[in-house]
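S.K.: Give me a model of this one.
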Amino acid sequence: MTEEYRKIKILLDGVWTGISYRHLTKGSMFRMFERDGEPVADINGRTDFLAVSDSYEKDGLWTIEVEALIK
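M.R.: Got it, this is the predicted structure:
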């Protein structure tokens with residue numbers, strides 16, 4: 001079992017809800033947080049992401065293809 005390094009929250013029915021990284025699916029809108037609670041942001045400071053693939057395990061770590069959403 002791999003340890004999750006980041007907390008994930010997915011938008012479900014207008015509410016941000018905690019979810020395991022491995023349960024992210026294509027089409028999910030989500031946010032990630034470091035262990036210290038700091039939001040994960042892309043190079044432009046955007047913190048909301050859209051999954052463009054299902055999550056998958058690669059080299060022992062869960063990963064996903066994403067698109068950053070403009071706020």
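
S.K.: List the buried residues for the one helix or strand in the chain whose mean pLDDT sits lowest?
M.R.: Taking mean pLDDT, DSSP states H and E as the measure, strand 61-63 is the helix or strand of the chain with the lowest mean score, a mean of 85. Residues of strand 61-63 classed as buried by neighbour count (16 or more other C-beta atoms under 10 Å): residue 62. Just so you know, the C-beta spots here come from the backbone N, C-alpha and C atoms, and that holds for glycine as well.

S.K.: And for stretch 47-55?
M.R.: Applying 16+ other C-beta under 10 Å to stretch 47-55 flags 48-49, 51, 55 as buried.

S.K.: What's the mean pLDDT across it?
M.R.: The average pLDDT within stretch 47-55 is 95.

S.K.: Against residue 61, how distant is the residue lying closest to residue 40 once chain neighbours are set aside?
M.R.: Excluding its sequence neighbours, the residue lying closest to residue 40 (C-beta to C-beta, 6 or more residues apart in numbering) is residue 32, at 3.9 Å. Using C-beta to C-beta, to the nearest Å, one gets 13 Å for the distance from residue 32 to residue 61.
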